[in-house]
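Colleague: this one's structure only:
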């Protein structure tokens, strides 16, 4: 049985204890660390402490989105799932753009949280139902020039090179990063664009105006 290391970044003691209990009750999950502030969260991220990070956005000494971006940049093979009370478009989109692969509201049931952690490690992108519906409505709306890209700057660079026909190894060489890191970024691109192959990713990105 594969064991998934989970780190918690949450300032509310009650929620922190609840999430810790949920993780420790699952046989295939282990609690790898907990942080009650943005400073502690950055320290956890710097140690590459976990395979999955559950991150609250409303931290007293900083922005959870900054932690998400740090994890995405420094540990691209890890997965980040936001778990928060904020369900508005701005927080959702900023989190996904920073590198989060999942987004849950804090009213999620324990079984849902565990299932979503497992789904993340299997390549999924779990979202609370209300968040998923809101995103669907947003993406069904006619695109505008001001629409923000769901991809990070690095993901955009990688997808542009992939669209030109470069292999992952060639992309890594062009950007001075390892093929493993390229593969991790590509996996996140697939999630964000809801596709399963490089050809689908290129097609979808062009449809969304992300590639010229």
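Modeller: Here it is on my side, so go on. Here the structure is a predicted model, which is why all the values come from computation and not from measurement.

Colleague: ok, which stretches of this protein are helices?
Modeller: With DSSP state H as the criterion, the chain has helices at 13-25, 38-46, 64-74, 89-98, 110-121, 129-140, 153-163, 168-175, 179-193, 198-207.

Colleague: Specify the stretch among the ones you listed that is closest to residue 58.
Modeller: Residue 58 lies closest, by C-beta to C-beta, to one member of the helices of the chain: helix 64-74, at 7.1 Å. For glycine as for every other residue, the C-beta is placed from the backbone atoms N, C-alpha and C.

Colleague: before we move on, the earlier item: determine which of the helices of the chain approaches residue 54 most closely.
Modeller: helix 13-25 (6.1 Å).

Colleague: Okay, angle between that closest one and helix 110-121 too, please.
Modeller: 70 degrees (axes from the mean of the first three to the mean of the last three C-alpha atoms, to 10 degrees).

Colleague: Buried ones in helix 13-25, by neighbour count?
Modeller: 15, 16, 18, 19, 22, 23 (16 or more other C-beta atoms under 10 Å).

Colleague: Let me have those residues in JSON lines, extended by distance to residue 179 and pLDDT.
Modeller: Shown next, in JSON lines, are those (distance: C-beta to C-beta, whole Å; pLDDT from 0 to 100):
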{"residue": "15", "distance to residue 179": "38", "pLDDT": "96"}
{"residue": "16", "distance to residue 179": "37", "pLDDT": "97"}
{"residue": "18", "distance to residue 179": "39", "pLDDT": "97"}
{"residue": "19", "distance to residue 179": "34", "pLDDT": "98"}
{"residue": "22", "distance to residue 179": "35", "pLDDT": "98"}
{"residue": "23", "distance to residue 179": "32", "pLDDT": "98"}
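
Colleague: before we move on, back to that, let's have the helices of the chain in TSV, adding distance to residue 81.
Modeller: Conversion of these to TSV gives the following (distance: least, C-beta to C-beta, whole Å):
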stretch	distance to residue 81
helix 13-25	11
helix 38-46	14
helix 64-74	10
helix 89-98	10
helix 110-121	6
helix 129-140	12
helix 153-163	18
helix 168-175	25
helix 179-193	12
helix 198-207	22
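
Colleague: where among the ones you listed is the average confidence lowest?
Modeller: With a mean of 75, helix 129-140 has the lowest mean pLDDT of the helices of the chain.

Colleague: Now that helix: buried residues?
Modeller: Under the neighbour-count criterion of 16+ other C-beta under 10 Å, helix 129-140 has 131, 134, 135 buried.

Colleague: The helices of the chain: which one's closest to residue 82?
Modeller: Among those, helix 89-98 comes nearest to residue 82, with 4.8 Å by C-beta to C-beta.

Colleague: what inclination does the closest one have with respect to helix 179-193?
Modeller: Going by the same axes, to 10 degrees, helix 89-98 makes 150 degrees with helix 179-193.

Colleague: how about a markdown table for the buried residues of helix 129-140, with distance to residue 77 added?
Modeller: Below are the buried residues of helix 129-140 laid out as a markdown table (distance: C-beta to C-beta, whole Å):
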| residue | distance to residue 77 |
| --- | --- |
| 131 | 24 |
| 134 | 29 |
| 135 | 25 |
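
Colleague: so who does the most centrally placed residue in the chain touch?
Modeller: The C-alpha lying nearest the average C-alpha coordinate of the chain belongs to residue 100 (C-alpha atoms, centre = their mean; 1.9 Å). By C-beta atoms under 8 Å, 6 or more residues apart in numbering, the contact set of residue 100 is 55, 68, 72, 80, 81, 82.
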